[in-house]
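>>> Take this sequence and fold it.
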Amino acid sequence: MPIKIPKELPAKQILEQENIFVMDEERAEAQEIRPLSILILNLMPEKQKTETQLLRYLGNTPLQVRISFLRMASRESKHTSKHHLDTFYKTFEQVRDKTFDGMIITGSPVEHLSFTDVDYWEELQTIMDWTNHHVTSTLHICWGAQAALYHHYGIDKQVLSKKCFGIFEHQVLTPNERLVRGFDELFLAPHSRYTDIALEEIVNHPKLQIIAVSEKAGVFLLASKDGKHIMATGHLEYTADTLKEEYERDHARGVKTAIPENYYPNDDPNKQPKHLWKSHCSLLFSNWLNYYVYQETPYIWGDELETKQK
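You can find the predicted model right below:
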């Protein structure tokens, strides 16, 4: 089934070229189907690139999904045009009275700051509190996962001695957990971060469970036991070239980032990296959409139910 996105969204053409079923809003309105409503809070600088990465996997399930994009009103984007934001994004004030079946909160390159020093932290806290009653399940990615752990569960991030950067092997600890149904016992996933979370704090928290870990990269997948909050500390949604682009960008800026581990063939930056985690990313998104969103969300949310009853 298709994802519903605005007709002029630049990602639409890219996804159609990849044979991902995309339906624009005009065509979707003619169908009598209750789609899943997914809100994406995109905190990444290159928003169009992140849009495509996420939509690629949200559109690869049998479920019909309607996408809305959210931006922070308290921060001006330096890497995305005002026209793009005004056309395709909403602010929290425009959606706060609505309900959503699922939500994604992306990462953000602000790891060097304490959470309370992030200029949009207060607004983000308001949004995360709002998700508890307006969203069935929220998927948090990388810094977004660390922010959720800090805000909802009081678990702070820790600064690493060097950047966790590369493709790392992970072990599934709870094979019967719905989020990892179909996963191999061992799987690969990209990481790109300077901070981490303590395994012991997750293990000792009564409301959290660890789902997958890496010997080198630490905790990767974890969730609240009620399924309201899903956290992924890495980036399964990354393409084969994403770490390559980050590595080259860092060096162009004079930042001597080490070669991403287990990424380039023979650690040779002149060779093309292989995309070895795509199938598990598809499973992660489809499992989340099916088991944590579709199977749990009410067919009619509160405000819609009141309207229908009238």
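>>> Correct me if wrong, but residue 139 is in a helix.
No: according to DSSP: H, G, I helix; E, B strand; the rest coil, residue 139 belongs to no helix; its state is strand.
>>> Could I get the full set of strands for the stretch 1-150 of the chain?
3-5, 22-24, 36-41, 65-70, 89-90, 100-105, 135-141 (DSSP state E, counting those that start in this stretch).
>>> I misspoke; the intended subject was the stretch 201-310 of the chain.
Taking DSSP E, counting those that start in this stretch as the test, the strands found in the stretch 201-310 of the chain are 208-214, 218-224, 229-232.
>>> of all these, which lies closest to residue 197?
Using CB to CB as the measure, strand 218-224 is the one of those that comes nearest residue 197, at 5.8 Å. In this view, the C-beta of every residue, glycine as well, is placed from N, C-alpha and C.
>>> next one: that closest one to chain centre, how far?
13 Å (CA atoms, centre = their mean, to the nearest Å).
>>> Please list the outside residues in contact with it.
145, 152, 164, 170, 177, 179-180, 189, 191, 196-197, 199, 202, 207-214, 229-234, 284 (CB atoms under 8 Å, 6 or more residues apart in numbering).
>>> What pairs with it, parallel or antiparallel?
strand 208-214 (antiparallel), strand 229-232 (antiparallel) (DSSP bridges).
>>> what about it, average pLDDT?
Regarding strand 218-224, the rounded mean pLDDT is 98.
>>> Also stretch 235-253?
Averaging pLDDT along stretch 235-253 gives 96.
>>> Name the residues of it that come out as buried.
235, 236, 237, 238, 239, 240, 242, 243, 244, 246, 247 (16 or more other CB atoms under 10 Å).
>>> tell me how far the ends of stretch 179-194 are from each other?
26 Å (CA to CA, to the nearest Å).
>>> One more: stretch 204-224?
13 Å.
>>> is it true that residue 152 touches residue 128?
Yes: in this structure, residue 152 is within contact of residue 128 by CB atoms under 8 Å, at 6.8 Å.
>>> Is residue 156 located within a helix, as I assumed?
No: Residue 156: not assigned to a helix; according to three-state DSSP it is coil.
>>> Wait, it touches residue 195, no?
No: with contacts counted by CB under 8 Å, residue 156 stays clear of residue 195, the gap being 9.3 Å.
>>> So these two - more neighbours on which side?
A direct count of neighbours by other CB atoms under 10 Å for residue 156 and residue 195 places residue 195 higher, at 17 against 13.
>>> Can you tell me how far that one is from residue 171?
Distance from residue 195 to residue 171, counting by CB to CB, to the nearest Å: 22 Å.
>>> coming back round to it: of all the strands of the stretch 201-310 of the chain, which one comes closest to residue 54?
Of the strands of the stretch 201-310 of the chain, the one closest to residue 54 (CB to CB) turns out to be strand 229-232, at 12.0 Å.
>>> now what about stretch 233-244, what contacts it?
53-54, 56-57, 107, 141-142, 145-146, 165-168, 189-193, 196-197, 217-221, 260, 263-264, 269, 272-275, 277, 280-281, 284-285.
>>> Which of those are buried? Put it as a PyMOL command.
Here is the PyMOL selection string for the buried members of the contacts of stretch 233-244, based on 16+ other CB under 10 Å:
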select buried, resi 53+54+56+57+107+141+142+145+146+165+166+167+168+189+190+191+192+193+196+197+217+218+219+220+221+260+263+264+273+275+277+280+281+284+285
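>>> Just the ones of the contacts of stretch 233-244 in helices?
53, 54, 56, 57, 145, 146, 280, 281, 284, 285 (DSSP state H).
>>> and the closest residue to residue 236 other than its chain neighbours, what is it in contact with?
Closest residue to residue 236 apart from its sequence neighbours, by CB to CB, 6 or more residues apart in numbering: residue 281 at 3.9 Å. Residue 281 is in contact with 57, 236, 237, counting by CB under 8 Å, 6+ apart.
>>> Can I get the strands of the stretch 201-310 of the chain in a markdown table including distance to residue 48?
Below are the strands of the stretch 201-310 of the chain laid out as a markdown table (distance: least, CB to CB, whole Å):
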| stretch | distance to residue 48 |
| --- | --- |
| strand 208-214 | 29 |
| strand 218-224 | 26 |
| strand 229-232 | 21 |
